[in-house]
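**Q** how would this look folded up:
(one chain, ligands or ions: 2)
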Amino acid sequence: MSLSLSFTNPIISRHVYSAAFSPPLPPPPPRFLFLSPHTPAKSRFHIFYRVPQRATALSATASIFRDTAASAAVFAGAYALVSTFDTLTQKELIQQSLSRKLVHILSGLLFAISWPIFSNTGEARYFASLVPLVNCLRLVIHGLSLADDQSLIKSVTREGNPKELLRGPLYYVVMLMLCALLFWRESPVGVISLGMMCGGDGFADIMGRKFGSSKIPYNQGKSWVGSISMFISGFFISIGMLYLYSALGYLELDWRYTMHRVALVSLVATVVESLPISNFIDDNISVPLASMLVAYLTFTH
Ligand SMILES: Nc1ccn([C@@H]2O[C@H](COP(=O)(O)OP(=O)(O)OP(=O)(O)O)[C@@H](O)[C@H]2O)c(=O)n1
Ligand SMILES: C/C(=C\CO)CCC[C@H](C)CCC[C@H](C)CCCC(C)C
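**A** Ligands and ions are numbered 1, 2, ... in the order given. Coordinates of the predicted model:
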């Protein structure tokens, strides 16, 4: 088995290595092979890890402080996003249905984009997951009408019924937490799943409502324009997120292999979203779970 050790990004030390070298830190268990079967044999069996940056001068305390500050900033961003769209809706600058979808698109994507501001420690993902967790509690409290937050209700529900918070929005935020906890920054699966749920499903709604006159034969509630929009936006938003994480040094991807896989994930997510099953399982559950499954299988085999 060929061996090589290379640092490709001084900011985030990432090691390409295989079994014969003793890596500088105990490596995490093998996670994902991001190279295509067409990758040259010499590097075929390399496994790309994102090895946490050695905790040099930064003490554990400094990392905890950084992650706490990052969680607070992301939570403030979430609150500001919802308040902003509530104001736009109140001033009738945008319709409530569009406001809801833009919150749907932006919340998850901005959450995933915020992950690099957290530290390189193993606990960072848990600090990041506090934000969707607190928002889960916020949605449950207001969904059960234990407290009243009209700003949240108006910018996140279809008809202004607080009980709506306990369905689509709650499932959505749970999926954000799952992606952060299970996949985080060193796997393409989490960002791809959020790209499909937030970007793909969001634009399917916006484009489908506006231009979706030609309905899908097996589901009169969905349209060809909406589904095609989902496939295209899900693909490009996911590729954009992967490019960001690759540019930051968290992922190293064979782009031809990756594009094929992301297109397959987007196709499956689009088909799942088009199915007449929303009475049994919400899109905010079926779309991300289908995306996670296909992305995990295609990026590890
Ligand atoms: N493939 C799709 C998806 C959505 N739509 C349009 O967008 C509307 C809402 O889509 P839907 O996915 O049902 O959104 P909701 O489930 O209401 O919103 P959310 O996922 O945020 O709960 C549909 O009635 C339809 O007009 C479409 O035409 N084609
Ligand atoms: C309308 C929504 C789903 C229905 O399909 C989205 C609900 C969004 C939540 C109310 C708020 C979620 C906030 C995120 C957990 C964090 C976003 C942080 C970012 C920096 C804005």
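**Q** my guess is L244 contacts W115, does it?
**A** No: using Cβ atoms under 8 Å, L244 is not in contact with W115, being 9.9 Å away. Every residue, glycine included, has its C-beta placed from N, CA and C.
**Q** For these two, indicate the residue with more neighbours.
**A** W115 (22 against 16; other Cβ atoms under 10 Å).
**Q** what comes up buried for stretch 241-258?
**A** Buried positions in stretch 241-258, judged by neighbour count with 16 or more other Cβ atoms under 10 Å: 241-242, 244-246, 249-254, 257-258.
**Q** Stretch 263-281 too?
**A** V265, S266, V268, A269, T270, V272, E273, S274, L275, S278.
**Q** go on, stretch 217-231?
**A** For stretch 217-231, using 16+ other Cβ under 10 Å, the buried residues are K222, S223, W224, V225, G226, S227, S229, M230, F231.
**Q** What parts of the stretch 151-300 of the chain come near ligand 1?
**A** Within the stretch 151-300 of the chain, the positions adjacent to ligand 1 are 168, 201, 204-205, 208-209, 212, 221-223, 226-227, 230, 273-274, 278, 283-284 by Cβ under 6 Å from any ligand atom.
**Q** Out of those residues, which sit inside strands?
**A** G221, K222, S223 (DSSP state E).
**Q** for these, which one is nearest D67?
**A** Among these, K222 lies closest to D67 (Cβ to Cβ), at 40.5 Å.
**Q** quick one, what contacts the closest one?
**A** A204, G208, G212, K215, I216, E273, S274, P276 (Cβ atoms under 8 Å, 6 or more residues apart in numbering).
**Q** rerun that using 7 Å as the cut-off
**A** Residues in contact with K222 (Cβ atoms under 7 Å, 6 or more residues apart in numbering) are G208, K215, I216, S274.
**Q** and if you look at L130?
**A** L130 touches S71, counting by Cβ under 7 Å, 6+ apart.
**Q** Show the pLDDT at the spatially closest residue to M197 that is not a sequence neighbour.
**A** Of all residues not flanking M197 in the chain, P288 sits nearest, at 4.3 Å (Cβ to Cβ, 6 or more residues apart in numbering). What the model reports as pLDDT for P288 is 98.
**Q** Look up how far ligand 1 lies from P288.
**A** 11 Å (Cβ to the nearest ligand atom, to the nearest Å).
**Q** gap between that residue and F183?
**A** To F183, P288 is 11 Å away according to Cβ to Cβ, to the nearest Å.
**Q** ok, those two, which is more surrounded?
**A** More crowded of P288 and F183, by other Cβ under 10 Å: P288, with 29 against 23.
**Q** quick revisit: and of the ones in strands among the residues of the stretch 151-300 of the chain next to ligand 1, the nearest to R158?
**A** G221 (13.8 Å).
**Q** what's near enough to touch the closest one?
**A** P276.
**Q** what's the answer for L244, then?
**A** I113.
**Q** what about the residue nearest to M197, helix or strand, and which?
**A** Assessed by DSSP states H and E, P288 sits inside helix 283-300.
**Q** Counting by contacts, list what that helix packs against.
**A** helix 168-182, helix 188-194, helix 255-274 (3 or more Cβ pairs under 7 Å, 6 or more residues apart in numbering; DSSP states H and E).
**Q** Kindly state the pLDDT recorded for the residue nearest to R167 when sequence neighbours are not counted?
**A** Distances taken as Cβ to Cβ, 6+ apart place D282 nearest to R167, at 6.1 Å, with adjacent residues excluded. Reading off the confidence values, D282 has pLDDT 97.
**Q** For whichever helix or strand T61 is part of, give the mean pLDDT please.
**A** For T61, the host element (DSSP H and E) is helix 60-90. Here helix 60-90 scores 94 as its mean pLDDT.
**Q** List the buried residues of it.
**A** 63, 66-67, 70-71, 74-75, 77-78, 81-82, 84-86, 88-89.
**Q** and that helix with ligand 2, contact?
**A** Yes: residues of helix 60-90 contacting ligand 2 under Cβ under 6 Å from any ligand atom: V74, G77, A78, L81, V82.
**Q** Perfect, that will be all.
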